[in-house]
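> Sharing a model prediction with you, sequence too.
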Amino acid sequence: MAVYSMTGYASAQHGASAADTESEAPTRRLGLEIRSVNSRFLDLSFRLSDELRSQEPALRTLLTAKLKRGKVEVRAFIENADTGALPDPAPRLLQRLNSLQDAVKAWLPQAAPLSVADALRLCGNISGPAEDWSEAVPALAEKALKDLLAAREREGKRLVAMLQDRLGQLRALAAQAVPLVPQLVEQHRQRFLERWNEALSAGEGTVNADAARDRALTEATAFAIRIDVAEEVTRLQSHLDEIERLLKKGGEIGKRLDFLIQELHREANTLGSKSAALDLTRISVDMKVLIEQMREQVQNIE
């Protein structure tokens with residue numbers, strides 16, 4: 001299955017231009033846009049012109065069947081294909097508007113007079129029956145939604161490629177961390193033995209050799225346990241394997257990936273807290289930088 005981003009945009013239009021029709025009246029055109037960004041859940045919002053408000057339930061049903069997460073905004077509007085053409089208002093309508101205006105001003109002298117734009121808008125609304133968009137809107141929405149899903153899939157492929165690249169870098173850093181621990185333990189074991197020998201020499205027989213040796217071994221053992229990051233590296237590699245498996249599987253994996261990124265960050269933090277050398281500290285910092293980059297991108301996956 002494909003991996004989808006929650007970020008995308010698509011638009012579609014329906015209706016012939018004025019040049020495609022023999023009528024002198026301007027042809028009306030239906031336009032629809034869909035924008036989506038990341039969100040924890042599916043959040044739909046609609047900006048529809050007055051004539052299209054009745055289509056919201058059908059649009060909501062269509063979107064919820066195809067989209068699972070994201071903040072999605074749908075904008076639908078009707079406009080004249082030829083924006084320079086305006087219908088000539090019928091004289092009888094203008095006379096009726098003038099009569100109505102006089103009647104209103106007789107009761108409300110302070111009322112503002114009608115503007116030219118008001119008169120054209122009112123005459124346009126009265127001039128004919130409302131057009132039926134019940135078939136055109138769903139068809140146009142399906143086309144725009146198809147384009148949106150294609151855009152989200154393309155973005156999803158880009159995100160997967162980036163995440164796989166970061167996975168490879170994290171695996172390389174984990175491989176660098178594994179051999180450092182035995183080296184550190186051996187270095188400190190030698191240091192403890194040197195201290196043991198120094199204590200025996202300084203004590204000149206007053207220090208019990210067995211007690212000093214036991215103390216040195218105890219400290220060396222405690223240090224080895226304290227800096228052992230094998231468990232953290234193992235869990236980190238397990239999380240990386242699971243992330244890679246999810247990316248290959250595809251589908252609705254965003255929430256699962258987000259949880260695994262949190263677990264990765266926790267292991268990298270523990271690795272840094274156990275660091276007893278600059279090399280381990282550097283590895284931990286580099287890991288957290290990569291994990292933060294992954295977190296930012298995972299937020300966009302559905």
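Perfect, thanks for sending it.
> Return the list of helices and strands in contact with the longest helix belonging to the chain.
Longest helix of the chain, by residue count under DSSP state H: helix 136-177. Packing partners of helix 136-177 (3 or more C-beta pairs under 8 Å, 6 or more residues apart in numbering; DSSP states H and E): strand 8-14, strand 28-37, helix 56-66, strand 70-80, helix 230-249, helix 278-298. Heads up, the C-betas are built off the backbone N, CA and C, glycines and all.
> Stretch 60-71 - what's its average pLDDT?
The predicted model gives stretch 60-71 an average pLDDT of 94.
> Okay, now the unreliable bits of the stretch 51-200 of the chain?
For the stretch 51-200 of the chain, the stretches flagged by pLDDT under 70 are 80-87, 124-130, 181, 183-189, 192-193, 196-197, 199-200.
> got the contact list for the residue most central in space within the chain?
Closest to where the C-alpha atoms of the chain average out (C-alpha atoms, centre = their mean) is Asn300, at 2.1 Å. Listed by C-beta atoms under 8 Å, 6 or more residues apart in numbering, the contact partners of Asn300 are Ser5, Met6, Thr7, Asn38, Glu155, Leu159, Gly254.
> now with 7 Å?
By C-beta atoms under 7 Å, 6 or more residues apart in numbering, the residues touching Asn300 are Ser5, Met6, Thr7, Asn38, Leu159.
> Spatially, which two of the residues you listed are the most separated?
For the contacts of Asn300, the farthest-apart pair by C-beta to C-beta is Asn38 and Leu159; their separation is 11.0 Å.
> now for the helix or strand hosting Asp102, which elements pack on it?
Assigning secondary structure by DSSP states H and E places Asp102 in helix 91-107. Where contact means 3 or more C-beta pairs under 7 Å, 6 or more residues apart in numbering; DSSP states H and E, helix 91-107 is packed against helix 116-126.
> what's the angle from the helix it packs on to helix 91-107?
Taking axes from the mean of the first three to the mean of the last three C-alpha atoms, to 10 degrees, one finds helix 116-126 and helix 91-107 inclined to each other by 120 degrees.
> quick one: helix 116-126 to chain centroid distance?
Computed by C-alpha atoms, centre = their mean, to the nearest Å, the chain-centroid distance of helix 116-126 equals 44 Å.
> cool, stretch 55-70 as well?
Distance, centroid of stretch 55-70 to centroid of chain: 18 Å (C-alpha atoms, centre = their mean).
> which residues are in contact with it?
6, 36-39, 41-42, 44, 46, 48, 72, 74, 133-134, 137-138, 141-142, 145, 149, 252, 254, 302.
> hang on, the earlier thing: who's more crowded, Asn38 and Leu159?
Legend: neighbour count by other C-beta atoms under 10 Å for Asn38 and Leu159, higher for Leu159 (21 against 16).
> The more buried one: what's it in contact with?
Leu159 neighbours (C-beta under 7 Å, 6+ apart): Val3, Ser5, Gln297, Asn300, Ile301.
> Against Lys288, how distant is the last one?
In this structure, Ile301 and Lys288 are 20 Å apart, going by C-beta to C-beta, to the nearest Å.
> Those two: who's more crowded?
Higher neighbour count among Ile301 and Lys288: Ile301, with 27 against 16, using other C-beta under 10 Å.
> correct me, but the more buried one touches Ser5?
Yes. The pair Ile301 / Ser5 is scored as a contact, 6.3 Å apart, by C-beta atoms under 7 Å.
> And stretch 96-116, what's buried?
Judged by neighbour count (16 or more other C-beta atoms under 10 Å), stretch 96-116 contains these buried residues: Leu97, Leu114.
> thinking again about what came up before, buried only: go through the contacts of stretch 55-70 for me.
Neighbour counting by 16+ other C-beta under 10 Å classes 6, 36, 38, 42, 44, 46, 48, 72, 74, 133, 137, 141, 145, 149, 254, 302 among the contacts of stretch 55-70 as buried.
> For those, name the two members farthest from one another.
The widest separation within the buried ones among the contacts of stretch 55-70 (C-beta to C-beta) is 34.4 Å, between Trp133 and Gly254.
> got the phi/psi numbers for Leu42?
phi -90, psi 120 (degrees, to the nearest 10).
> picking that back up, list just the nearest of the contacts of Asn300 to Leu114.
Thr7 (45.2 Å).
> Can you name the residues that contact that closest one?
So Thr7 contacts Ser36, Val37, Asn38, Glu155, Asn300 (C-beta under 7 Å, 6+ apart).
> how about those in CSV, adding distance to Gly168?
Below are the contacts of Thr7 laid out as CSV (distance: C-beta to C-beta, whole Å):
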residue, distance to Gly168
Ser36, 30
Val37, 29
Asn38, 25
Glu155, 21
Asn300, 20
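> which one of these is nearest Glu292?
Asn300 (14.5 Å).
> Please report how far that closest one lies from Cys123.
48 Å.
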